[in-house]
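Trainee: For reference, the sequence and a predicted model appear below.
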Amino acid sequence: MSRPCSDADVVTCRHLLVPVDDTDQFMATIIGAIELARIAAARITFAFAPLLAAMPHGQRSRSREVLGKAESVARAQGVPCASAGSIGGDAQAAIPATAREAGCDLVFIGAHGHGAMTGPLVQAVLAAGLPVFAVPNPAPATPVPAIRGIRDEHRALSAVLRAWLDMLMAANDHGASADVPVMRIMIRFIETFPVARHHPRKQACLYARLRRRTARTDAELDELERQHERDAQWVGALAEAVERFATGGPLTELLSKVDHYAQFAWALMGREEGVILPAAQRFLTDADWDKINAVYCMANTGTARAAGHEDRPFDMLLAYLADLPDAGCVARICSHAESG
């Protein structure tokens, strides 16, 4: 809904503040806000507003992931955007304050972005004299297996990248240790799964079928395929950076390299989740999805060899991630290491 301020005759919509969180539905909020911005020729400022008053310890990189994905989708759709960082404390007070500081004239509240907080948050923004556009909750939908699989792949890589960044930031800020063997296995994970398996599978079954159904996404698919090639190049650069650090190189250099890669990877994920997957849901047929789902189901039903430790190269990584969010996604991906 959108309501004018008490002293205004019309609602302007030239600059949206869009609070986003880290729930599973945050991409729907981003896509909805971008659609409104395109209709109104408006720009967007994204702000990370987690459900909790403060992010859990060790999750400082979570906001940068969410905001990086949001900006990548907006830019791919030609919508000017920026980020206002994280909103801490009381969201009902902080969101209107952030909107005013950024010069926004409307606050866009996603359908699931704040759950039970949506009603009170809308009232708080209205009470502050700002218009609100709040998206109603849609009927729950059964996720397409292939889309669920792609999002799980993204969650797994994001979990590894957040853990890596948190490790390096803790070492940089507090003198904590940076575990070189774990970092080497993180690189092996990136090389084995996103680069060698996930990108080629998407290109062969999802991208190819989408190209056959519509030319509207060709330019974006071309760009994503170029980014997949760059991803392979990043593996070597990250490995070199870790080995330089292992032989006495500066921590700040390694942190900068990993941070740049994380931003690159999150932008790539954002464009797939926010541009390609919605287009696929719009243009692909049921027969297309049957073929694509079969590929993803086959890839996820293989059984890893129950042999010695030499056949379980990611055990050290799984132990390191065990208590962190999305560790289960990483474990599921690694469990398919011996499948086709």
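Mentor: Yep, that arrived.

Trainee: got the buried residues for the least confident helix or strand in the chain by mean pLDDT?
Mentor: Here the helix or strand of the chain ranked lowest by mean pLDDT, DSSP states H and E is helix 118-127, holding a mean of 86. Going by neighbour count (16 or more other C-beta atoms under 10 Å), the buried part of helix 118-127 is 118, 121-122, 124-126. Placement of C-beta: from N, CA and C, glycine included.

Trainee: Would you map out the domains in this protein?
Mentor: For the chain, the structural domains run 15-134, 145-335, going by automatic domain parsing.

Trainee: Are there helices or strands packed against the next helix or strand along the chain from the least confident helix or strand of the chain, and which ones?
Mentor: Once helix 118-127 ends, the next helix or strand along the chain (criterion: DSSP states H and E) is strand 132-134. Counting by 3 or more C-beta pairs under 8 Å, 6 or more residues apart in numbering; DSSP states H and E, the packing neighbours recorded for strand 132-134 are strand 106-109, helix 118-127.

Trainee: and the helix or strand immediately after strand 132-134 in the chain, how far from the chain's centre?
Mentor: The helix or strand immediately downstream of strand 132-134 is helix 145-174, counting by DSSP H and E. When C-alpha coordinates are averaged (C-alpha atoms, centre = their mean, to the nearest Å), helix 145-174 and its chain have centres 10 Å apart.

Trainee: Against which helices or strands is helix 145-174 packed?
Mentor: In this structure, helix 145-174 makes packing contacts with helix 61-76, helix 180-190, helix 251-271, helix 277-283, helix 286-299, helix 315-321, helix 327-335, judged by 3+ C-beta pairs under 8 Å, 6+ apart.

Trainee: 7 Å instead, please
Mentor: Packed against helix 145-174, as judged by 3 or more C-beta pairs under 7 Å, 6 or more residues apart in numbering; DSSP states H and E, are the following elements: helix 61-76, helix 180-190, helix 251-271, helix 286-299, helix 315-321, helix 327-335.

Trainee: Buried residues of the fifth one, list them for me.
Mentor: Just to be clear, that refers to helix 315-321. If you call a residue buried by 16+ other C-beta under 10 Å, then helix 315-321 has these buried ones: 316-318, 320-321.

Trainee: ranking the domains of the chain by mean pLDDT, which is last?
Mentor: When the domains of the chain are compared on average pLDDT, domain 15-134 comes out lowest at a mean of 86.

Trainee: ends of that domain, how far apart?
Mentor: According to C-alpha to C-alpha, to the nearest Å, domain 15-134 extends 15 Å from its N-terminal end residue to its C-terminal end residue.

Trainee: Could you do stretch 18-25 as well?
Mentor: According to C-alpha to C-alpha, stretch 18-25 extends 14 Å from its N-terminal end residue to its C-terminal end residue.

Trainee: Same question for stretch 196-212.
Mentor: Across stretch 196-212, first to last residue, C-alpha to C-alpha, it's 24 Å.

Trainee: quick one: contacts of that stretch?
Mentor: Judged by C-beta atoms under 7 Å, 6 or more residues apart in numbering, the contacts made with stretch 196-212 from elsewhere in the structure are 146, 150, 153, 217-218, 221, 225, 228, 231, 279-280, 283-284, 288, 291-292, 295, 299.

Trainee: Just the buried residues of it, please?
Mentor: Neighbour counts using 16+ other C-beta under 10 Å place 197-199, 201-202, 205-207, 209-210 of stretch 196-212 among the buried residues.

Trainee: And stretch 23-33, by the same measure?
Mentor: The neighbour-count criterion (16+ other C-beta under 10 Å) identifies 23, 25-33 as the buried residues of stretch 23-33.

Trainee: and if you look at stretch 281-297?
Mentor: 284, 288-289, 292-293, 295-296.

Trainee: Could you dump the residues you listed into CSV and include distance to residue 166?
Mentor: Written out in CSV, the entries for the buried residues of stretch 281-297 read as follows (distance: C-beta to C-beta, whole Å):
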residue, distance to residue 166
284, 37
288, 39
289, 37
292, 34
293, 34
295, 34
296, 30
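
Trainee: doesn't residue 108 make contact with residue 28?
Mentor: No - the pair residue 28 and residue 108 fails to qualify as a contact (C-beta atoms under 7 Å) at a distance of 11.8 Å.

Trainee: Name the stretch among the domains of the chain that sits most buried.
Mentor: Mean neighbours per residue, mean count of other C-beta atoms under 10 Å, is largest over these for domain 15-134, with a mean of 19.

Trainee: related to what we said a few turns ago, of the helices and strands packed on strand 132-134, which is nearest residue 255?
Mentor: Residue 255 lies closest, by C-beta to C-beta, to one member of the helices and strands packed on strand 132-134: strand 106-109, at 33.6 Å.

Trainee: Which elements pack onto the closest one?
Mentor: Where contact means 3+ C-beta pairs under 7 Å, 6+ apart, strand 106-109 is packed against strand 15-20, helix 118-127, strand 132-134.

Trainee: starting at the chain centroid, how far to the second one?
Mentor: So the one you mean is helix 118-127. Relative to the chain's own centre, helix 118-127 is displaced by 27 Å; criterion: C-alpha atoms, centre = their mean.

Trainee: The shortest one too?
Mentor: The chain centroid and the centroid of strand 132-134 are separated by 23 Å, computed with C-alpha atoms, centre = their mean.
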